[in-house]
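# No sequence on hand, only this structure:
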């Protein structure tokens, strides 16, 4: 069964420090993975997707099939990065996309 | 930028009552979804809807739940007889295609007392 694990519920770093939010997945096949972010009092929104291989707001994520990981990284954290981050694995079992989410990591950037 | 809108933002109901949660997906999207998040737990898939029918539903989506697209703009989730354990944040989402990211609404917080 598809599964996404985010081992850290809470992560706190200082402004300017590097950030890494961990995500591991279980999927039989070639996965595509997403990171969604939810800022305070805002909706869940897509941050980045593995397939696009782009950097959004300074964040990157590399799919490591050997380690079944898709960790989210940013070299220098900013206070506005404080938010809830969800790793998600989309599957299309019946032709419509179904997302399997990790439990989320609450990232707090301290000034 | 167009957004998915959900109403109400918070709904309080008594156990056994019926509730209808409303969503207006983005207008040119074809796929519609409901997810829910019980406090402290993961966001969970409930149901997907395409071409006026359910395309997939999870084990959570039992006979107490139903979805409907009553007109060209609204997408509703009905819970026929609410239970305490239905208390959660319910998110509506839509997408233009199966390989496009989902666009989520702000959610409706349902509290069953």
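Received, thanks. Model, not experiment: these values are computed from the prediction.
# C-alpha from now on. contacts and neighbour counts both.
Will do.
# Run the contact check for the helix or strand where residue B:49 lies versus chain A.
Residue B:49 belongs to strand B:43-50 when assigned by DSSP states H and E. Yes: using C-alpha under 8 Å from any C-alpha of the partner chain, strand B:43-50 reaches chain A at B:43, B:44, B:45, B:48, B:49, B:50.
# where's the residue lying closest to residue B:20 once chain neighbours are set aside relative to residue A:7, distance?
Closest residue to residue B:20 apart from its sequence neighbours, by C-alpha to C-alpha, 6 or more residues apart in numbering or on different chains: residue B:78 at 4.4 Å. Look at residue B:78 and residue A:7: by C-alpha to C-alpha, to the nearest Å, they are 34 Å apart.
# all strands for chain B, in order.
Taking DSSP state E as the criterion, chain B carries its strands at B:5-7, B:10-13, B:19-24, B:31-37, B:43-50, B:53-57, B:65-68, B:75-79, B:88-95, B:103-104, B:108-112.
# got the ones you listed as JSON lines, with mean pLDDT and mean neighbour count columns?
Shown next, in JSON lines, are the strands of chain B (pLDDT from 0 to 100; neighbours: other C-alpha atoms under 10 Å in any protein chain shown):
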{"stretch": "strand B:5-7", "mean pLDDT": "97", "mean neighbour count": "21"}
{"stretch": "strand B:10-13", "mean pLDDT": "97", "mean neighbour count": "14"}
{"stretch": "strand B:19-24", "mean pLDDT": "97", "mean neighbour count": "22"}
{"stretch": "strand B:31-37", "mean pLDDT": "96", "mean neighbour count": "25"}
{"stretch": "strand B:43-50", "mean pLDDT": "95", "mean neighbour count": "22"}
{"stretch": "strand B:53-57", "mean pLDDT": "92", "mean neighbour count": "17"}
{"stretch": "strand B:65-68", "mean pLDDT": "96", "mean neighbour count": "18"}
{"stretch": "strand B:75-79", "mean pLDDT": "97", "mean neighbour count": "20"}
{"stretch": "strand B:88-95", "mean pLDDT": "96", "mean neighbour count": "26"}
{"stretch": "strand B:103-104", "mean pLDDT": "95", "mean neighbour count": "24"}
{"stretch": "strand B:108-112", "mean pLDDT": "98", "mean neighbour count": "21"}
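# what's the burial count for residue 26?
No chain was given, so I picked chain A. Residue A:26 has 14 neighbours, counted by other C-alpha atoms under 10 Å in any protein chain shown.
# hm, I was asking about chain B
A total of 23 residues lie near residue B:26 under the criterion other C-alpha under 10 Å.
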